[in-house]
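Undergrad: the sequence and its predicted three-dimensional model are supplied below.
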Amino acid sequence: MTMSMGQMGRRLLGLTVAGVALVVSGAASAELGQPAPWEYKLQEAATPVMENITSFHNLLVILITVITLFVLALLVTVMVKFNARANPVPSRTTHNTLIEVAWTIIPVLILFSIVIPSFKLLFLELDVPKADVTIKAVGKQWYWSYAYPDNGKFEFDSLLACDETRQKCEPPRLLSVDNEMVVPVDKVIRVQTTGADVIHSFAVPAFGIKIDAVPGRLNETWFKATKTGMFYGQCSELCGKDHAYMPIAVRVVNDQEFAQWVEASKKKYASAPQNTFAAAEGAKGAEAQ
Ligand SMILES: [Cu+2]
């Protein structure tokens, strides 16, 4: 197959345009709170923490791009100007104080421009504000249980909404569950995680949270959703054969809807026999008596 340079150029250009069009159309169809085909960016932020993560990420991408282009330009200059043919008699220069000071100070300044937003973000993530609602998320092989200790102490299981073959699923496929975790909008939600059997990880990309659920240990994180709607995540620590089938679905609703849901859930999950937290707390209560 012979192809002229012109033909090849045009073909390459065509491919690039098609690729860009695909990526743009894919990104445009992205729905809040869930992944989209051809998505190459972070999911749209629904909490202040995630907004922070996104802007930090963007800052880093700009920095890396500029640094990479600069180094590439230096390499190209060296290759073109200082090869043996173009520059047969090399200079014997060994020191240049100005350049040496510059290549020490400038990287330090660049690192400072990274470390300041980085530490700000770390503190924002780790410093849990006063919580309006506390939820215990227990990772189990292979589903999640949610307990609302301050809202009536009910607990329920949240399982993948698919048939046994996992061929017929509720949309979004492999992300929707039978019982969603429900939280009020614009409120600080503290999530405490633990594992009932092995290590799992509770993660919701649009909220910017990912925290391990470790047996025998209580981890905590927080989020404050600023948008209502459905938000999906997945267990993010390889936990066994059905690791891919224990999604996290969070419904963010207004205060009134949340209060109604709490009342309904208290009745609906009143006789939850499977629940480990209530059982453990019940046992503790019995010991105390
Ligand atoms: Cu898991």
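TA: Received, thanks. Residues are numbered from 1 along each chain as shown.
Undergrad: longest helix of this structure?
TA: For the chain, the longest helix by residue count, based on DSSP state H, is helix 48-81.
Undergrad: could you point out the helix or strand that follows it?
TA: Using DSSP states H and E, the helix or strand that follows helix 48-81 towards the C-terminus is helix 97-126.
Undergrad: how many residues are close by the closest residue to Gly139 other than its chain neighbours?
TA: Excluding its sequence neighbours, the residue lying closest to Gly139 (Cβ to Cβ, 6 or more residues apart in numbering) is His200, at 2.8 Å. Yep, even glycine has a C-beta here, placed from its N, CA and C like the rest. Neighbourhood size, His200 [other Cβ atoms under 10 Å]: 32.
Undergrad: let me see the confidence value for His200.
TA: With respect to pLDDT, His200 scores 98.
Undergrad: measure it to Lys153 for me?
TA: According to Cβ to Cβ, to the nearest Å, His200 and Lys153 sit 23 Å apart.
Undergrad: if we can go back for a sec, show the contacting residues for the residue nearest to Gly139.
TA: His200 makes contacts with 139-140, 144, 193, 212-213, 235, 237, 239, 246, as judged by Cβ atoms under 8 Å, 6 or more residues apart in numbering.
Undergrad: near the ion too, which of the residues you listed?
TA: Among the contacts of His200, proximity to the ion is found for 235, 239 (Cβ under 5 Å from the ion).
Undergrad: just the buried residues of the contacts of His200.
TA: Buried residues within these, counting neighbours by 16 or more other Cβ atoms under 10 Å: 139-140, 144, 193, 212-213, 235, 237, 239, 246.
Undergrad: for Val191, give me its contacts.
TA: Shown in contact with Val191 (Cβ under 8 Å, 6+ apart): 135-137, 202, 209, 211, 220-223.
Undergrad: check the gap between the residue nearest to Tyr232 when sequence neighbours are not counted and Tyr146 for me.
TA: Spatial nearest neighbour of Tyr232, excluding adjacent residues (Cβ to Cβ, 6+ apart): Leu175 at 4.2 Å. Distance of Leu175 to Tyr146, given as Cβ to Cβ: 16 Å.
Undergrad: more crowded one of those two?
TA: Remark: of Leu175 and Tyr146, Tyr146 carries more neighbours, 25 against 21, as counted by other Cβ under 10 Å.
Undergrad: so the more buried one, which of the three states?
TA: Under DSSP: H, G, I helix; E, B strand; the rest coil, the three-state class of Tyr146 is strand.
Undergrad: which ones are touching the residue most central in space within the chain?
TA: Note on the chain: the residue nearest the mean C-alpha position is Pro205, at 3.1 Å, using Cα atoms, centre = their mean. Going by Cβ under 8 Å, 6+ apart, Pro205 touches 35, 42-43, 50, 233.
Undergrad: hmm, 10 Å instead?
TA: Residues counted as contacts of Pro205 (Cβ atoms under 10 Å, 6 or more residues apart in numbering) are 33-35, 42-46, 50, 53, 231-234, 236.
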